[in-house]
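Visitor: Dropping the sequence and predicted coords here.
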Amino acid sequence: MALDKSQVWSQSEVVRLLKSAPGTQYQEADDANKAVMRDWIKGLLQVSTITVQFTKADGTVRDMTCTLNPDKLPDMVTTGPVDGIVSESAKLKKAPDHESLRVFDTHKQEWRSFRFDRLLKITAELTFD
């Protein structure tokens with residue numbers, strides 16, 4: 001039986017766990033350190049634009065340039081109570097999940113999300129004035 005694309009990442013993750021192969025830093029962290037990483041990434045996104053590389057649900061790897069910086073968001077958004085981060089003024093289709101993060105994709109000019117446990121790399125340019 002052939003797997004559909006949405007099952008590819010899940011299968012490879014199960015194989016990794018069964019082989020006791022190391023995962024990403026986030027996957028290997030305990031709950032307290034996962035929370036620290038999530039807060040650090042959210043804080044970075046609120047003050048800058050970063051590029052995140054992650055594995056999509058279909059198993060492909062994607063680079064996304066994104067932000068939560070209110071100065072870089074279109075007028076249609078407002079700061080809201082969704083996990084203490086910026087949210088669209090339109091109704092959210094599902095409740096926020098602490099394992100994923102909604103961000104504004106600056107290239108597509110749309111809201112997207114990524115899962116922390118599928119995050120492969122973060123690239124940020126920091127400037128000090």
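Guide: That came through fine. Owing to the predicted nature of the structure, the values given are computational and were not obtained by experimental measurement.
Visitor: Point out where the chain drops to low pLDDT.
Guide: Applying pLDDT under 70 to the chain picks out residues 1-11, 13-22, 76-96, 129.
Visitor: so residue 65 sits in a strand?
Guide: Yes - per DSSP: H, G, I helix; E, B strand; the rest coil, residue 65 lies within a strand segment.
Visitor: residues of the longest helix belonging to the chain that come out buried?
Guide: Criterion DSSP state H: the longest helix present in the chain is helix 31-47. Neighbour-count burial for helix 31-47 flags 34, 38, 41, 42, 44, 45 (criterion: 16 or more other C-beta atoms under 10 Å). Yep, even glycine has a C-beta here, placed from its N, CA and C like the rest.
Visitor: Go ahead and confirm the fourth one touches residue 67.
Guide: Which is residue 42. No - if you go by C-beta atoms under 8 Å, residue 42 and residue 67 don't touch, sitting 11.2 Å apart.
Visitor: which residues sit in contact with residue 38?
Guide: For residue 38, the contacting residues are 98, 101, 116, by C-beta atoms under 8 Å, 6 or more residues apart in numbering.
Visitor: Quick check: the closest residue to residue 34 other than its chain neighbours vs residue 71, distance?
Guide: Among residues not flanking residue 34 along the chain, residue 26 sits closest, at 6.2 Å (C-beta to C-beta, 6 or more residues apart in numbering). Distance, residue 26 to residue 71, by C-beta to C-beta, to the nearest Å: 28 Å.
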